[in-house]
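Enquirer: my questions are about this predicted structure, shown below with the sequence.
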Amino acid sequence: MAKAQKREYVWLQCKETGDLNYRTSVNVMGGVPKLELKKYSRRLRKHTIHKIKRK
């Protein structure tokens, strides 16, 4: 039987528009990571930097 992992769902927020475009799970053991990803923004129709936004 596998151990239960400490995972939490977070939103990825576009730095340029402020839209919450994506939802993903992150491992919160040892704190939430400072994650920045280049993801597609539908409003701008291009790839922009997205950061973690916790609700």
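Expert: Looks like it came in fine. Note that the structure is predicted; figures quoted are calculated from it, not measured. Residues are numbered from 1 along each chain as shown.

Enquirer: neighbouring contacts of stretch 8-21?
Expert: 22-26, 28, 32, 37, 39-44, 48-55 (CB atoms under 8 Å, 6 or more residues apart in numbering). The way it works is simple: take the backbone N, C-alpha and C, and place the C-beta from them, glycine included.

Enquirer: SS state for the one residue sitting closest to the centre of the chain?
Expert: Centroid check for the chain by CA atoms, centre = their mean gives Leu12 as the closest residue, at 3.3 Å. Under DSSP: H, G, I helix; E, B strand; the rest coil, Leu12 falls in the strand class.

Enquirer: what bridges to it?
Expert: Tyr22, Ile52 (DSSP bridges).

Enquirer: show the buried residues in the contacts of stretch 8-21.
Expert: By neighbour count, with 16 or more other CB atoms under 10 Å, the contacts of stretch 8-21 hold 41, 48, 50, 52 as buried.

Enquirer: of all pairs in these, which one is the farthest apart?
Expert: Largest separation among these by CB to CB: Ser41 and Ile52, giving 15.9 Å.

Enquirer: about what we covered before: measure the residue nearest to the centre of the chain to Val32 for me?
Expert: 13 Å (CB to CB, to the nearest Å).

Enquirer: what does Lys55 give?
Expert: 12 Å.

Enquirer: quick one: pLDDT of the residue nearest to the centre of the chain?
Expert: Leu12 carries a pLDDT score of 96 in this model.

Enquirer: just Met1 next, same as before
Expert: Confidence at Met1, expressed as pLDDT, is 63.

Enquirer: Ser25 too?
Expert: Per-residue pLDDT puts Ser25 at 92.

Enquirer: these two touch, right, it and Arg7?
Expert: Yes - the criterion here is CB atoms under 8 Å, and Ser25 meets it with Arg7 at 4.7 Å.

Enquirer: state the helix or strand in which Tyr9 lies.
Expert: Using DSSP states H and E, Tyr9 falls within strand 7-14.

Enquirer: repeat for Thr24
Expert: Per DSSP H and E, Thr24 falls inside strand 20-27.
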